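Trainee: Have a look; sequence and predicted model below, questions after that.
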Amino acid sequence: AQKVTQAQTEISVVEKEDVTLDCVYETRDTTYYLFWYKQPPSGELVFLIRRNSFDEQNEISGRYSWNFQKSTSSFNFTITASQVVDSAVYFCALSGRTNAGKSTFGDGTTLTVKP
Amino acid sequence: KAGVTQTPRYLIKTRGQQVTLSCSPISGHRSVSWYQQTPGQGLQFLFEYFSETQRNKGNFPGRFSGRQFSNSRSEMNVSTLELGDSALYLCASSLDLATNEKLFFGSGTQLSVL
């Protein structure tokens, strides 16, 4: 069975602060994929990143960066110099080779960035 | 390129009624998934269709059903509605989830059961 845990339910920061959203996963698959999605108030989840289990390189995209550590089964997401527009619910998700069409989502972390 | 389109955007029904939600995927996408989102349960997987066949199914009662048409458009149906069915129903499309592709989501249908 697959499981994704996002222990932080809500985070509130002041603009320009850095913030890290935690994601811990469980899977028996040796090949799997991890994702992060952003859900703004409009409701539509937007894809941010996809990482496969064989690629542990960290990735940076502008103010966003991701740290994947297989040893701790974690795939954390950091926003540097947060902005008000970053306020949203962020979901971590897992898709394994054995159930590729059945993504498992964490409960989400609600990020509020105050001006 | 048009995104994933879900209709209707909002729906109000009463207990015992049935409802049909519609989803048009991105052109060229053959995989369509449905998720139920509630404040208490988060995002729960309902089912996934590929080429008109249900390929994966979540742990929902038989009152929840779906189908996919030859043009990849999908519908989901909930019969004998219960208060607990009130939720945001999200549809997502993908080229082919068998290769663990990313999901493109619609804005959802907000269903309220009174």
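Mentor: Yep, that arrived. Numbers count the residues shown, from 1 in each chain, chains lettered A, B, ... in the order given.
Trainee: Near A:C23, how many residues? Count them for me, please.
Mentor: Here the count is done by other CB atoms under 10 Å in any protein chain shown, and A:C23 has 27 residues near it. Glycine gets a C-beta too; all of them are placed from N, C-alpha and C.
Trainee: Next one: the closest residue to it other than its chain neighbours relative to B:T20, how far apart?
Mentor: Counting by CB to CB, 6 or more residues apart in numbering or on different chains, A:C23 lies nearest to A:C92, which is 3.5 Å off, once chain neighbours are set aside. As for A:C92, its distance to B:T20 is 31 Å (criterion: CB to CB, to the nearest Å).
Trainee: And those two? Which one has more around it.
Mentor: A direct count of neighbours by other CB under 10 Å for A:C92 and B:T20 places A:C92 higher, at 27 against 14.
Trainee: so who does that one touch?
Mentor: A:4, A:6, A:21, A:23, A:25, A:34-36, A:75, A:77, A:105-106 (CB atoms under 8 Å, 6 or more residues apart in numbering or on different chains).
Trainee: Ignoring the adjacent residues along the chain, who's closest to the residue nearest the centre of chain B?
Mentor: Residue closest to the mean C-alpha point of chain B, counted by CA atoms, centre = their mean, is B:W34 at 3.1 Å. Nearest residue to B:W34 in three dimensions, chain neighbours excluded: B:L46, at 4.0 Å (CB to CB, 6+ apart).
Trainee: Who are the contact partners of the residue nearest to the centre of chain B?
Mentor: By CB under 8 Å, 6+ apart, the neighbours of B:W34 are B:23, B:45-48, B:66, B:74, B:76, B:89-92.
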